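1. Structure for the following, please:
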Amino acid sequence: MVLQPKWFSLAPAHFRHHDHPQSHRRVRLRRAWDRRACEPSDYRTEVSGVSDSNAPSGNDAVPAAATPIELNRSVAGLPGVGSQFSARFAHLGLRTVGDLLNHLPIRYETEVAEAAVTDAKAATEQSEETVTRSVRGEIEKVRHIPGRRPRIEALLADTSGTIRLVWFNAPWLVKKIHPGACGIAQGRAKLRGGYLEMVNPRWEPVAETVHVAAHTGRLRPIYPATEELPTARIERVIAAILPGALLSVVDLVPAPLIEGRGLVSLATAYHQIHLPHHRAEAESARRRLAYDELLCLQLAMAMRRWQVRHAMRAPAMPLSAAIEERIHSRLPFALTPSQLEVCAEIAVDLGKTIPMNRLLQGDVGSGKTAVAVYAMLTAVAHGHQAVLLAPTEILADQHLRTVETMLAGSRVRIAGLTGSLRTADRAVVLSGLASGGFDIAIGTHALLGAHVQFKSLAVAIIDEQHRFGVEQRAALRSKGPVAEQVPHILVMTATPIPRTLALSFFGDLDISSLRGLLPSRTTPTTRIMPTQRSDEVYTWLKTRIAKGEQAFVVVPAVDGSDLGLKDVATHAQSLEEGILRGCRIGRVHGQMKSAAGEEVMADFRAGKLDILVATIIIEVGVDIPNATVMVVEQAERFGLAQLHQLRGRVGRGGKHGYCVLIGEPPSEIAQSRFDAIAASSDGFEIAELDLKLRGPGEFFGARQSGLPPLRVADLVEDFPLLLQARADAEAWIGSSGDLSAAGDLALRTRVIGLYGAALGLCDIG
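-> Reported below is the predicted structural model:
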């Protein structure tokens, strides 16, 4: 029999009829009697029927007397929810029992065992330290004291005595703390003037802890919540549905695989994550759920690789010695050993009918553009076409100029296509691409339009690929040479990718890495300067301008709408009218019209401007040989990888480069970022540190291609688990292809539901 503590029914609303002091006394006595009757009951026995004596495993996680609850059942009909709270649950995305099951705690707190006021006072008197206490009672008196630090003072009484509660700057408690309110106060207790006192304690109204018996020192889950839907109510509802919901949980991963990895069953994991007996049990549950998350991701990546290898075909373009010699003769310089190695990998891919699906990553100045030209010329040598897609017109124009310079004097016909191209010129380009009059097209999203047709597109290269989604890659594949074929795909990034992210978010791609710098490139000197010394920086910058050099000044905002951030317009004007008076200063940012931005860049490139004040838009692809200085204002606002990319914009023309980071690190992490960028010039090393400091979500925006974020797994801490999941996924797909076997269909449906749209998986099951 489940014993329900009767005093919980005495919610604050019921006290409105007991304003007389004697009525309050009778209520307290009734509560005290009910408490004594219920003290032997245990929290877990009440909510789930599971004993504390043994950790559950397998079916033992579910009480025998539980009634199954379907996971698709609406939350609105559950006890303790009803119509009043169903909208609040829906606001958190909790609409079904399955949603509740997957609404996982963000942390756990050790709940302090309750004590009577007199016992808490006696224990506090005997202790030299401030100790956390938990006291249950009724609010007798309340005072609201205004001022610069408004506070609420209240007396909480139980049958043994009273304790003073004080909250500072807590307006959300005004409606909850009133005479007659019942609840549990937990916080650090100390003696003040003979009174036992808690300052800013955690307050749980009794009405929100209906199924929670006296605090017994249990591990309490803390859930993502809102002011209207506190974690205590979420906890209560989840605890109530958990026994029945676990009976409906289906484990899609074979038991031998789970047991071989030393993981608990899925039902046990859900039970232990919501009702852990201790932290080790909660971690065991988290590991199982993290493994499932990583396994689904790796299965999706493995399915994508299988699909590319078995369901698509591309034109085979074997590289003969004669063709390779012709390609190298068109390049204006000898390739580095690292470039030659990557080109050999690409040549092998292009020689097969299996479509190339390769990621080329390289540090700033490692020579990715030359490798891209090598791949495009391979297509041209076989009578096909190639395309290079860039995310911005500035980068596309830069690529166009670079490739035209590299192939000057050759018979390769190159066209540029961007959104700002004039109508007449656009018509010429479109006609030439469709007829084969142009061999190489370089441009922006304008190349992806349905009206853009190629005669025989065999190689498609996407630069800064994290700025494009699956739709853009699919659009390029649809422009293959014939209906049955797709072009080979090479995606490039100037931001080296840590191995954990490469395996996680780029697991469907083969990866090539360019190491080292081109012989013409040197590593800029990096300096960190506090904000109060910025005038010194600009005074020194003026001396560099006087020597005929140019500089970038990067700020975090476009305009003054972002409070506290330096913006392009204001900062440029301040420099023009102040310390850099007389210098020719231009402005460029992402909100400018393409033609205006390109005009500014052209003036800067031609030496008509001394300084370019810009946003992060110049992070990649901008090549100004005469630019030797990069100043970054409020550098703490940028990530490590961004700072490294910005630093790579200077020192590209043979002159030594300088990067000055101006800022005030607001935290230890920001200071670590500054220290790292000053100490290291290795983009791969910086990328690994950036991942640790900022996390995978911020580092790459989860690939910005629609992949759902990982909710449980931590790619840094769970890297060994990721390797296990990857090995298991590869073995699984290796034996079953695309999960089309009858026993795998449910898992296939789940994987495609999570990642099908983002990865372009075909649901042929």
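
2. Quick check: closest non-adjacent residue to A746.
-> Nearest residue to A746 in three dimensions, chain neighbours excluded: L252, at 5.6 Å (C-beta to C-beta, 6 or more residues apart in numbering). Placement of C-beta: from N, CA and C, glycine included.

3. That neighbour should be in a strand, yeah?
-> No: applying DSSP: H, G, I helix; E, B strand; the rest coil, one finds L252 to be coil, outside a strand.

4. Pull the contacting residues for it.
-> L252 is in contact with A746, L747, R750, counting by C-beta atoms under 8 Å, 6 or more residues apart in numbering.

5. domains of this structure?
-> 1-41+112-217, 53-110+218-277, 278-520+703-765, 525-680 (automatic domain parsing).

6. can you redo those as a markdown table with distance to E688 and mean pLDDT?
-> Converted to a markdown table, the domains of the chain look like this (distance: least, C-beta to C-beta, whole Å; pLDDT from 0 to 100):
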| stretch | distance to E688 | mean pLDDT |
| --- | --- | --- |
| domain 1-41+112-217 | 39 | 70 |
| domain 53-110+218-277 | 26 | 87 |
| domain 278-520+703-765 | 5 | 88 |
| domain 525-680 | 10 | 90 |
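
7. Can you show me the CA trace of the helix or strand M376 falls within as PDB?
-> With secondary structure defined by DSSP states H and E, M376 is part of helix 368-381. What follows is the C-alpha trace of helix 368-381 in PDB, where atoms were taken according to Å, rounded to 0.1, in the frame of the first residue of the first chain:
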ATOM      1  CA  LYS A 368      44.000  24.900 -50.100                       C
ATOM      2  CA  THR A 369      43.200  27.000 -53.200                       C
ATOM      3  CA  ALA A 370      46.000  25.400 -55.200                       C
ATOM      4  CA  VAL A 371      44.600  21.900 -54.300                       C
ATOM      5  CA  ALA A 372      41.100  23.000 -55.400                       C
ATOM      6  CA  VAL A 373      42.600  24.200 -58.700                       C
ATOM      7  CA  TYR A 374      44.300  20.800 -59.100                       C
ATOM      8  CA  ALA A 375      40.900  19.000 -58.700                       C
ATOM      9  CA  MET A 376      39.100  21.400 -61.100                       C
ATOM     10  CA  LEU A 377      41.800  21.000 -63.800                       C
ATOM     11  CA  THR A 378      41.500  17.200 -63.600                       C
ATOM     12  CA  ALA A 379      37.800  17.600 -64.600                       C
ATOM     13  CA  VAL A 380      38.700  20.100 -67.400                       C
ATOM     14  CA  ALA A 381      41.400  17.700 -68.700                       C
END
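
8. Distance from that helix to the middle of the chain?
-> Helix 368-381 sits 33 Å away from the centroid of its parent chain (C-alpha atoms, centre = their mean, to the nearest Å).

9. Closest to A321 out of the contacts of L252?
-> Closest approach between these and A321, by C-beta to C-beta: L747, at 47.8 Å.

10. contacting residues for the closest one?
-> With contacts defined as C-beta under 8 Å, 6+ apart, L747 is in contact with L252, V253, L299, L739.

11. Wasn't it part of a helix?
-> Yes: under three-state DSSP, L747 sits within a helix.

12. That one and D567, how far apart?
-> 50 Å (C-beta to C-beta, to the nearest Å).

13. Equivalent analysis for M630, please.
-> M630 is 18 Å from D567, by C-beta to C-beta.

14. of these two, who's got more company?
-> M630 (24 against 19; other C-beta atoms under 10 Å).

15. Does that one touch L643 like I think?
-> No: M630 is beyond contact range of L643, at 9.4 Å (criterion: C-beta atoms under 8 Å).

16. what sits in contact with each of those two?
-> Residues touching both M630 and L643 (C-beta under 8 Å, 6+ apart): C659.

17. any residues touching the strand or helix carrying D728, and which ones?
-> When elements are defined using DSSP H and E, D728 is found to belong to helix 719-736. Taking contacts as C-beta under 8 Å, 6+ apart, the residues outside helix 719-736 that touch it are 257, 261, 287, 290-291, 294-295, 297-299, 301-303, 305-306, 500, 503-504, 507, 713, 715, 739, 744.

18. Next, count neighbours for I152.
-> With other C-beta under 10 Å as criterion, I152 counts 20.

19. give the contact list for the closest residue to it other than its chain neighbours.
-> Leaving aside its chain neighbours, I152 sits nearest to W167 (4.5 Å; criterion: C-beta to C-beta, 6+ apart). Listed by C-beta under 8 Å, 6+ apart, the contact set of W167 reads R151, I152, L173, I177, V199, N200, P201.

20. can you pick the most crowded of those residues?
-> Ranked by neighbours (other C-beta under 10 Å), those are led by P201, which has 22 neighbours.

21. Now do the same for V631: helix, strand or coil?
-> strand.

22. pretty sure T336 is touching S520, no?
-> No: under the contact definition of C-beta under 8 Å, T336 does not touch S520, with a separation of 10.8 Å.

23. More neighbours: these two, which one.
-> Taking other C-beta under 10 Å, T336 and S520 do not tie; T336 has more neighbours (18 against 13).

24. Dihedrals phi and psi, that one?
-> Backbone torsions of T336, given as degrees, to the nearest 10, read phi -80, psi 160.

25. I'd like the distance between it and V491.
-> Noted for T336: a distance of 21 Å to V491, by C-beta to C-beta.

26. Next: G365.
-> When G365 is compared with V491 (using C-beta to C-beta), they lie 19 Å apart.

27. And the contacts of helix 719-736, which of them are buried?
-> Among the contacts of helix 719-736, those scoring as buried are 261, 287, 290-291, 294-295, 297-299, 301-303, 305-306, 500, 503-504, 507, 713, 715, 739, 744 (criterion: 16 or more other C-beta atoms under 10 Å).
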